[in-house]
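Trainee: Requesting a structural model of the entry that follows:
(one chain, ligands or ions: 2)
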Amino acid sequence: MRRLLVAGAALALILLIAVALISTGLIGGGIVGATIREVFTWSAGGGAALQPGGASAHSWSEAERGLIASLSIDRLRPLPPDPSNAVGDNPEAVALGHALFFDSGLSPDGSVACSTCHQPDRYFTDGKVLANVRDVDTPRHTPTIVGIAYSDWFYWDGRKDSQWAQALAPQEAAVEHGGTRTAHARYVLSRYSSEYEAVFGPAPDLSDASRFPGEAAPVEDEAALAAWEAMSEADRGAINHVFANIGKSIAAYSRKILPGRSRFDDYAAAALANDGTRMAELFSPQEAEGLRLFFGDGQCTDCHNGPLFTNGSFHNIGLPLPEGSKFDQGRSLGTVQVVEDIFNCLGEYSDASEEACVELRFIKIEGEELIGAFKVPGLRNVAETAPYMHNGIFADLDAVIRHYNHAPPAFPGHSDLVPLAFTEEQSAALIAFLLTLNAAPDAPPELLLPPEGTE
Ligand code: HEC
Ligand code: HEC
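Mentor: Ligands and ions are numbered 1, 2, ... in the order given. Next up, the predicted model:
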């Protein structure tokens, strides 16, 4: 009762001031109109009764409009250069990386390329629960690489701190490309020698097989490991250098694959302009309700915020463990691995100055919050990239929202979620909103296909 009285008094005061200001010509009616609407919306408990025909779904306060705009692709800053990759924006490196991304010659049996798992027509994912080649599962689900160049950390656990360093690991993982760095250096320097030298200058001579074995790398395969350890330090350095350059060209290519404009982004522009007619053309009341829940009661923007719908950080959200699998430590192991990685920002193959490696220098290595924590994925085009989560545990968005509704405690570690207990209608509205984020990648069309002249 007291609240109502206060509200009533505030309203009367605002109306009085408004009338006075308009009549003195100090301000236009529009601004005051918006303020009055906010007070009405609040005092009428949602404002639904005031706006016939469902228009209330699209009535947003100034603060809400700001929040909506903060998620818009119009706010995506131009991609900053990667100081650790001097050729990151070099067009010839892009062309070489484009070829390498699709080239299954970077696997010993000629069967696996990056594009085997990061398929352009699936938004650079593979549709599988866990990535799988040669009928063997990898431990994790394939994330998209669209817009990933904006990340500070790569992989679900962030065990890499640049896109070029990331691009090296799958080439030697037994369950992915399954190759070795000497084989890949030899392959690239023979098949792409002029392209390589145009970007990186003169290539080393690897023809002496006694110094540069066909298959040598610090991998589990014993023969390849022994061959690697038998090499001189200088020769290993020469190979690492070429290997890093392979990663840098692939990263130059991947940096070009950015998220496209979705229906939500047009809606955000209409909301910012407070154009109710346009908003109603773009979003159903249910979709607008879903958006309201997304940053309101759902608290999704605590973690999925900014134009890419991620805070770039790591959280444990208490996911169920797939049957028969071991607990995945996530970020608590990823931090240790990235600090030890010879290809990190501070390492000798990086082009960055020490000062530029801010993220790595100030990394938090330990903490309970890192246990079982994984990188917050972006949500653009999320409807097209099922299944979901680092372990692919959820087949569809219904299952994802059910999880957020229950939010069971995590074990081990600590879940950062609170149960939402949304109704069926609320859950459906949230999903309807997520579907408005659909958009194909924004990239030169030729980069979404294997380069001409290859298969
Ligand atoms: C066998 C399937 C497979 C192949 C082949 C593969 N990837 Fe991946 N990719 C994955 C999986 C699975 C992950 C997540 C692994 C993890 O987090 O531990 C991943 C993660 C990534 C990420 C990190 C995304 C993020 O959100 O941080 C990038 C970038 C990437 N891959 C690029 C590449 C490139 C470049 C190649 C080729 C050199 C490649 N991948 C080859 C399956 C694959
Ligand atoms: C405390 C941080 C946090 C909050 C709050 C949060 N999320 Fe997430 N979300 C994550 C993390 C972390 C993952 C990945 C978890 C993993 O794989 O272990 C994720 C994954 C997802 C995925 C799967 C994406 C994919 O590509 O696999 C969807 C969809 C999603 N969240 C939607 C939502 C929605 C909708 C809300 C609000 C109801 C929400 N999230 C709230 C942190 C959060």
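
Trainee: tell me which element residue 237 falls in.
Mentor: Secondary structure from DSSP states H and E places residue 237 in helix 233-254.

Trainee: Okay, buried residues for that helix please.
Mentor: Neighbour counts over helix 233-254 (16 or more other C-beta atoms under 10 Å) mark 235-236, 238-240, 242-254 as buried. No exception for glycine: its C-beta is placed from N, CA and C like everyone else's.

Trainee: Show me what that helix is packed against.
Mentor: Applying 3 or more C-beta pairs under 8 Å, 6 or more residues apart in numbering; DSSP states H and E, one finds that helix 233-254 contacts helix 91-101, helix 163-166, helix 181-191, helix 193-200.

Trainee: and the second one, average pLDDT?
Mentor: The average pLDDT within helix 163-166 is 98.

Trainee: Which residues outside that helix are in contact with it?
Mentor: Applying C-beta atoms under 8 Å, 6 or more residues apart in numbering, the contact partners of helix 163-166 are 82, 84-85, 88, 148-149, 151, 154-155, 160, 244, 247-248, 250-251, 254-255, 341, 343-344.

Trainee: how does it look with 6 Å?
Mentor: 85, 149, 154, 160, 247, 248, 251, 254, 343 (C-beta atoms under 6 Å, 6 or more residues apart in numbering).

Trainee: Those also near ligand 1: which ones?
Mentor: Contacts with ligand 1 within the contacts of helix 163-166, counted by C-beta under 6 Å from any ligand atom: 154, 254.

Trainee: The nearest residue to residue 334 once chain neighbours are set aside sits in which helix or strand?
Mentor: Nearest non-adjacent residue to residue 334, counting by C-beta to C-beta, 6 or more residues apart in numbering: residue 157, 3.1 Å away. Using DSSP H and E, residue 157 sits in no helix or strand.

Trainee: neighbours around residue 157, how many?
Mentor: 25 (other C-beta atoms under 10 Å).

Trainee: Out of the helices and strands packed on helix 233-254, which gets nearest to residue 376?
Mentor: helix 163-166 (17.1 Å; C-beta to C-beta).

Trainee: how about that closest one: buried residues?
Mentor: Along helix 163-166, these residues count as buried under the neighbour rule (16+ other C-beta under 10 Å): 163, 164, 165, 166.

Trainee: how many other residues sit next to residue 111?
Mentor: Per other C-beta under 10 Å, the neighbour tally for residue 111 reads 12.

Trainee: Look up how far residue 116 lies from the residue nearest to it when sequence neighbours are not counted.
Mentor: The spatial neighbour of residue 111 that comes closest, neighbours along the chain excluded (C-beta to C-beta, 6+ apart), is residue 104 at 5.9 Å. Distance, residue 104 to residue 116, using C-beta to C-beta, to the nearest Å: 7 Å.

Trainee: can you list the helices and strands packed on helix 233-254 in JSON lines and add distance to residue 229?
Mentor: Below are the helices and strands packed on helix 233-254 laid out as JSON lines (distance: least, C-beta to C-beta, whole Å):
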{"stretch": "helix 91-101", "distance to residue 229": "27"}
{"stretch": "helix 163-166", "distance to residue 229": "22"}
{"stretch": "helix 181-191", "distance to residue 229": "13"}
{"stretch": "helix 193-200", "distance to residue 229": "26"}
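
Trainee: Give me the nearest residue to residue 356, chain neighbours excluded.
Mentor: Nearest residue to residue 356, sequence neighbours excluded (C-beta to C-beta, 6+ apart): residue 83, at 4.0 Å.

Trainee: Pull up the residues of this protein that are close to ligand 2.
Mentor: So the chain meets ligand 2 at 298-300, 302-304, 315, 317, 319, 374, 376-377, 379, 382, 385, 388-390, 397, 400, 404, 416-417, 420, 430 (C-beta under 6 Å from any ligand atom).

Trainee: Type out the PyMOL command that picks the buried ones from these.
Mentor: Filtering these down to the buried ones (16+ other C-beta under 10 Å) takes a single PyMOL command:
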select buried, resi 298+300+303+304+315+317+319+374+376+377+379+382+385+388+389+390+397+400+404+416+417+420+430
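
Trainee: how about the residue nearest the centre of the chain, secondary structure?
Mentor: With distances taken as C-alpha atoms, centre = their mean, the chain has residue 378 as the residue nearest its mean C-alpha position (4.2 Å). Here residue 378 is recorded as coil under DSSP: H, G, I helix; E, B strand; the rest coil.

Trainee: Contact partners for it?
Mentor: By C-beta under 6 Å, 6+ apart, residue 378 lies in contact with 308, 309, 310.

Trainee: Likewise for residue 352?
Mentor: For residue 352, the contacting residues are 83, 84, 345, by C-beta under 6 Å, 6+ apart.

Trainee: from those, which is closest to ligand 1?
Mentor: Among the contacts of residue 352, residue 84 lies closest to ligand 1 (C-beta to the nearest ligand atom), at 14.3 Å.

Trainee: Which residue comes closest to residue 389 once chain neighbours are left out?
Mentor: Using C-beta to C-beta, 6+ apart and skipping the chain neighbours, the partner closest in space to residue 389 is residue 319 (5.7 Å).

Trainee: same question, residue 293
Mentor: Excluding the flanking residues, the one nearest residue 293 by C-beta to C-beta, 6+ apart is residue 430, at 5.2 Å.

Trainee: Report the buried residues of the helix or strand that contains that neighbour.
Mentor: According to DSSP H and E, residue 430 maps onto helix 424-435. Judged by neighbour count (16+ other C-beta under 10 Å), helix 424-435 contains these buried residues: 426, 427, 428, 429, 430, 431, 432, 433, 434, 435.

Trainee: Just give the closest residue to the second one, not the sequence neighbours.
Mentor: Spatial nearest neighbour of residue 427, chain neighbours left out: residue 401 (4.8 Å); criterion: C-beta to C-beta, 6+ apart.

Trainee: what about the one you found, neighbour count?
Mentor: Using other C-beta under 10 Å, residue 401 has 20 neighbouring residues.

Trainee: re earlier: of residue 104 and residue 116, which one has the most company?
Mentor: More crowded of residue 104 and residue 116, by other C-beta under 10 Å: residue 116, with 19 against 16.

Trainee: What distance do you get for that one to residue 289?
Mentor: Per C-beta to C-beta, residue 116 is found 40 Å from residue 289.

Trainee: Please look at residue 435 and residue 383 and confirm they touch.
Mentor: Yes. Using C-beta atoms under 6 Å, residue 435 is in contact with residue 383, at 4.9 Å.

Trainee: what about residue 344, distance to ligand 2?
Mentor: Using C-beta to the nearest ligand atom, to the nearest Å, we find residue 344 at a distance of 23 Å from ligand 2.

Trainee: make that residue 210, sorry
Mentor: Taken as C-beta to the nearest ligand atom, the span from residue 210 to ligand 2 is 46 Å.
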